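Asker: Here's my sequence, what's the structure:
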Amino acid sequence: QIVIFSDKKNEETNDLLQKIYKLAASNVSVVFAKDGTALTKDHPAFGKKAEGKNFTAYICTQKSCFPPITKVSELDQYIHT
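Answerer: Model (predicted):
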């Protein structure tokens, strides 16, 4: 699961979302929220925040998340592995 925190009106984030939908495997779900408080308390990204002015993505599996990703190139690496 890819969790993205950002302002949806941000053009870079919209471009990123389009890229994820094109590149990600069909078994990947994308959750978009302004911050981690929008998630349920049992979600591993609950309470996490966007870092900086643009997007922050968290790759979450089972009960934990990888460190925050703030660059499209870093997210590309995770998607392609």
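
Asker: Now do the longest helix along the chain: which elements does it pack against?
Answerer: Longest helix of the chain, by residue count under DSSP state H: helix 11-23. With contacts defined as 3 or more C-beta pairs under 8 Å, 6 or more residues apart in numbering; DSSP states H and E, helix 11-23 has these neighbours: strand 2-5, strand 30-33, helix 72-79. For glycine as for every other residue, the C-beta is placed from the backbone atoms N, C-alpha and C.

Asker: I'd like the average pLDDT over the longest one.
Answerer: Taken as a whole, helix 72-79 carries a mean pLDDT of 78.

Asker: which secondary structure elements does that helix contact?
Answerer: Using 3+ C-beta pairs under 8 Å, 6+ apart, helix 72-79 sits against helix 11-23.

Asker: buried sites along the helix it packs on?
Answerer: Using 16 or more other C-beta atoms under 10 Å as the test for burial, helix 11-23 gives Thr13, Leu16, Leu17, Ile20.

Asker: Go through the helices and strands packed on helix 11-23 and pick out the most buried.
Answerer: strand 2-5 (a mean of 22; mean count of other C-beta atoms under 10 Å).
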